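Undergrad: Pasting the sequence and the predicted coordinates here, then a few questions.
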Amino acid sequence: MIRTLMSKKNNFQELEAQQAKDYADVTNKVKKSVDNNVSTFSFIGNIVDLYFTKMFDVMFTLTSSTDEESKSDSNNKES
Amino acid sequence: MVSKSITKILTDEELVAEYLKSQNVAYFDKLYERYSGKIFAKCISLLKYESLAEDAMQEIFMKILLNLSKFSGKSKFSTWIYSITYNFCIDIIRRKKKDPSMLIDNFADGNDVVDDVDDAFLLETNIARLKVILEEIPTGDKAILLMKYQDEMSIRDIGMVLDKSESAIKMKIKRAKQKFKSIYHETYND
């Protein structure tokens, strides 16, 4: 069925091609907006990658050292 | 930097895979180049207003970009993005409630006999007339005709997009073709 349609004249597709051509400036404009959004997303992604991972590392180090300190404190008290 | 000649020979599905692997925008740019015109043509046909179609297209492409990892490859990439496009436009029209015919369930689902209209009648309608008829025809009928004749989607794929059975889709296509023919004769008297 699809092959039969493809071999025939298809003015639906002609119309689509004509519309795409007529509105080429609009699609270029939209591309710029999409690109801006993509840059914003990747910027946010980079910030998250750079700072949040480091922040979690610092928090993890701090909490683990606090745990160790409290353990050694309690050991000292017991002794 | 990915050369243009490389992106040119890759299939849509390969471009998606490469983009997901490398996050290199050159792959997505190629997909945009291939589909932006077609998607805008659908948006303008369904939504009628240029500004509305422009906003819709921007949101559709962001949706495509953010959901690329969910594309499983079970269907063709074109079917997947057309499905996003049609559903997005249908949602806009439903929300605006400007066009009750967009409620696709409003079509009578009965099995009453509808004369089948020859495909050639639709496919060979002069472009200027085709444009006029598509502006006149209810949006639900228009969407289904665009899927069948413009995108050459299979009955199964149309059923997946509209979440309907294949037999329901066949009946809807028959009715949409009939509607097309009657608008054609009302408008042009020949």
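TA: Ah, there it is. Numbering: from 1, shown residues only, chains lettered A, B, ... in the order given.
Undergrad: For the closest residue to chain A within chain B, give me the pLDDT.
TA: With C-beta to the nearest C-beta as the measure, residue B:37 is the residue of chain B nearest to chain A, at 2.6 Å. Heads up, the C-betas are built off the backbone N, CA and C, glycines and all. Per-residue confidence at residue B:37 stands at 94 (pLDDT).
Undergrad: can you check residue B:89 too?
TA: So residue B:89 comes in at 94 (pLDDT).
Undergrad: Excluding sequence neighbours, find me the nearest residue to it.
TA: Sequence neighbours aside, residue B:46 is the residue nearest to residue B:89 in space, at 4.2 Å (criterion: C-beta to C-beta, 6 or more residues apart in numbering or on different chains).
Undergrad: same deal with residue B:59?
TA: Closest to residue B:59 by C-beta to C-beta, 6+ apart is residue B:88, at 6.8 Å.
Undergrad: list the buried ones in whichever strand or helix holds the residue nearest to residue B:89?
TA: If you go by DSSP states H and E, residue B:46 is part of helix B:25-47. For helix B:25-47, the neighbour count (16 or more other C-beta atoms under 10 Å in any protein chain shown) marks B:25-32, B:34-47 as buried.
Undergrad: Over to stretch B:125-136?
TA: B:125, B:130, B:131, B:132, B:133, B:134.
Undergrad: same check, this time on stretch B:155-162
TA: Result for stretch B:155-162 [16+ other C-beta under 10 Å]: buried residues B:155, B:157, B:158, B:159, B:160, B:161, B:162.
Undergrad: Check stretch B:43-63 too.
TA: Buried-residue list, stretch B:43-63, by 16+ other C-beta under 10 Å: B:43-47, B:52-61.
Undergrad: now stretch B:79-86
TA: B:79, B:80, B:81, B:82, B:83, B:84, B:85, B:86.
Undergrad: Angles on the backbone of residue B:11, please.
TA: phi -80, psi 170 (degrees, to the nearest 10).
Undergrad: Next: residue B:117.
TA: According to degrees, to the nearest 10, the main-chain angles of residue B:117 amount to phi -100, psi 140.
Undergrad: what about it, neighbour count?
TA: Residue B:117 has 18 neighbours, counted by other C-beta atoms under 10 Å in any protein chain shown.
Undergrad: For it, give me the pLDDT.
TA: Reading off the model, residue B:117 has pLDDT 88.
Undergrad: what's near enough to touch it?
TA: Residues in contact with residue B:117, defined by C-beta atoms under 8 Å, 6 or more residues apart in numbering or on different chains, are B:174, B:177, B:178, B:180, B:181.
Undergrad: So, low pLDDT: which residues of chain B?
TA: B:1-4, B:7, B:97-114 (pLDDT under 70).
Undergrad: Enumerate the residues of it near chain A.
TA: Proximity of chain B to chain A (C-beta under 8 Å from any C-beta of the partner chain) is limited to residues B:25, B:28, B:32, B:36-38, B:40-42, B:44-45, B:50, B:53-54, B:57-58, B:61-62, B:65, B:119-120, B:122-127, B:130-131, B:134, B:145-146, B:149-150, B:152, B:154.
Undergrad: Name the residues of chain A found near chain B, please.
TA: A:1-2, A:4-6, A:8-21, A:23-24, A:26-27, A:29-31, A:33-35, A:37-38.
Undergrad: does residue B:75 sit in a helix, a strand or a coil?
TA: coil (DSSP: H, G, I helix; E, B strand; the rest coil).
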